[in-house]
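[1] sequence and computational prediction follow.
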Amino acid sequence: MSLGTQIVWLLVLAVPVACIAWTVTHEEVFREPREYCLRERSSARFLLLRKFFYLFTCEYCFSHYIAAGIVAITRYRLLFPDWRGYLISFFSLVWIANQYMSIYNRLRLDIKHEKVEIQADEHKIARTDNQREDRPDDQRKAA
């Protein structure tokens, strides 16, 4: 496989890694299991158990497991045709997937920020409109 094809595969395979890791660790559909894992990662008696539950609450940690699964399923190798190719592809997938998640998170923050600004502007406009409606009544009372 040519280097260009390998890079395309890397960029494409990182998408499901990022998607699965983000969905499990952030989205509403997995809220209840994630809340359980949050409680257990803090209160479990054994260190290994706490670390096990932690991986379901951290997108970076969880992406390693997803990337390992994707590499195993697809047998994707980067640069080398042997075990080194698997190792490089594994860490490359994790890194690219986390870049995708960072971009997605930043995009969501920007959208949320814009919503808050729009709501503040709407509230300001509504308050100004209310003051304008109240002003003629006040002027009539003064006259």
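    Arrived safely, thanks for sending.
[2] what ranges do the helices span in this structure?
    Using DSSP state H, the helices of the chain run over 3-26, 31-43, 47-54, 59-74, 83-142.
[3] and residue 92, how far is that from residue 17?
    11 Å (Cβ to Cβ, to the nearest Å). Yep, even glycine has a C-beta here, placed from its N, CA and C like the rest.
[4] looking at the two, which is more packed in?
    Taking other Cβ atoms under 10 Å, residue 92 and residue 17 do not tie; residue 17 has more neighbours (26 against 21).
[5] quick check: the more buried one vs residue 94, distance?
    With Cβ to Cβ as the criterion, residue 17 and residue 94 are 7 Å apart.
[6] which neighbours do those two share?
    Contact criterion Cβ atoms under 8 Å, 6 or more residues apart in numbering; residues shared by residue 17 and residue 94: 63, 67.
[7] so where's this protein shaky on pLDDT?
    Scanning the chain for pLDDT under 70 picks out 134-143.
[8] for residue 101, give me its contacts.
    Residue 101 touches 18, 21, 22, 59, 63, counting by Cβ under 8 Å, 6+ apart.
[9] let me have these in TSV, adding distance to residue 36 and neighbour count as columns.
    Shown next, in TSV, are the contacts of residue 101 (distance: Cβ to Cβ, whole Å; neighbours: other Cβ atoms under 10 Å):
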residue	distance to residue 36	neighbour count
18	24	25
21	18	25
22	19	19
59	17	22
63	20	28
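[10] in a markdown table, list those along with distance to residue 117.
    Below are these laid out as a markdown table (distance: Cβ to Cβ, whole Å):
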| residue | distance to residue 117 |
| --- | --- |
| 18 | 28 |
| 21 | 30 |
| 22 | 25 |
| 59 | 27 |
| 63 | 32 |
